[in-house]
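Chemist: Below are the sequence and a predicted model for it; my questions follow.
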Amino acid sequence: MNKTKLEDILKARGIEETNDLVDELTKEISLQTVPKDQFNKMSDRVKALENEKKDIETKFNDFKVQNMTDEEKIKAELKKLESDKMAVARQLSEIAVEKVLSKNGIDSDTYGEEEYKELVNNLISDTTDNSISKANNFVSILAKQKERVEKETTSNLLKNTPNPQVGDGDKKVTKEEFDKMTYSEMMKFMEEEPELYKEYSK
């Protein structure tokens, strides 16, 4: 930032007698900022050092491999194979979990992308079978919760619904009367009052 620009900013803020203040601020700003060409040189140097570090690491690893004993090479290969095996097992478990969830209508579209990923990760276990078991348990718990909520909602609705009236409207159908109905009366009652019929027929 040049001196003239700084003076204009200070005057716009109502600060007069800016000469000493401008000199002081200009000096401080110059100490806190890096010129663009210098910054670019520093960035290039950092990139060069990073590439140099990668080259050294590659040469070091190549040197290590070349000087490994047969036993060390076997151990390294076994470690890599074990890592690959675990990665494949995890992918298989992930697919198995997603199949269970998808079969029960749970996917990223209805659950949300991030939440769905987190759910799948939480259900993945050490083996595919254990992962499937965890997924099925989750689905079962979800279904039971849904059923309980639906029952509570129906029960609350029935509590607030008056009993239907028969004939002239001055008599309500009770459970005892329902139990004494003939088959045809029950069928008619079921058509007219399906919710009450469900409650009485339990």
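Modeler: That came through fine. Numbers count the residues shown, from 1 in each chain.
Chemist: list the helices and strands the host helix or strand of residue 97 packs on?
Modeler: Residue 97 is located in helix 70-103, with elements delineated by DSSP states H and E. Contact analysis of helix 70-103 by 3 or more CB pairs under 8 Å, 6 or more residues apart in numbering; DSSP states H and E lists helix 113-123, helix 128-159 as its packing neighbours. The C-beta positions use only the backbone N, C-alpha and C, and glycine is treated the same way.
Chemist: Taking their axis directions, that helix and helix 113-123 sit at what angle?
Modeler: Angle between the axes of helix 70-103 and helix 113-123 is 120 degrees (criterion: axes from the mean of the first three to the mean of the last three CA atoms, to 10 degrees).
Chemist: Now do the helix or strand immediately after helix 70-103 in the chain: which elements does it pack against?
Modeler: Toward the C-terminus, helix 70-103 is succeeded by helix 108-111 as the next helix or strand (DSSP H and E). Applying 3+ CB pairs under 8 Å, 6+ apart, one finds that helix 108-111 contacts helix 113-123.
Chemist: Alpha carbons of the helix it packs on, in CSV - could you do that?
Modeler: What follows is helix 113-123, C-alpha atoms only, in CSV (Å, rounded to 0.1, in the frame of the first residue of the first chain):
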residue,chain,number,x,y,z
GLU,A,113,-25.6,-38.4,2.1
GLU,A,114,-23.4,-37.6,5.2
GLU,A,115,-25.7,-39.3,7.7
TYR,A,116,-26.0,-42.4,5.4
LYS,A,117,-22.2,-42.7,5.1
GLU,A,118,-21.8,-42.4,8.9
LEU,A,119,-24.5,-45.0,9.4
VAL,A,120,-22.8,-47.5,7.0
ASN,A,121,-19.4,-46.9,8.6
ASN,A,122,-20.8,-47.6,12.1
LEU,A,123,-22.4,-50.8,11.0
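Chemist: chain center to that helix, what's the gap?
Modeler: Offset of helix 113-123 from its chain centre (CA atoms, centre = their mean, to the nearest Å): 5 Å.
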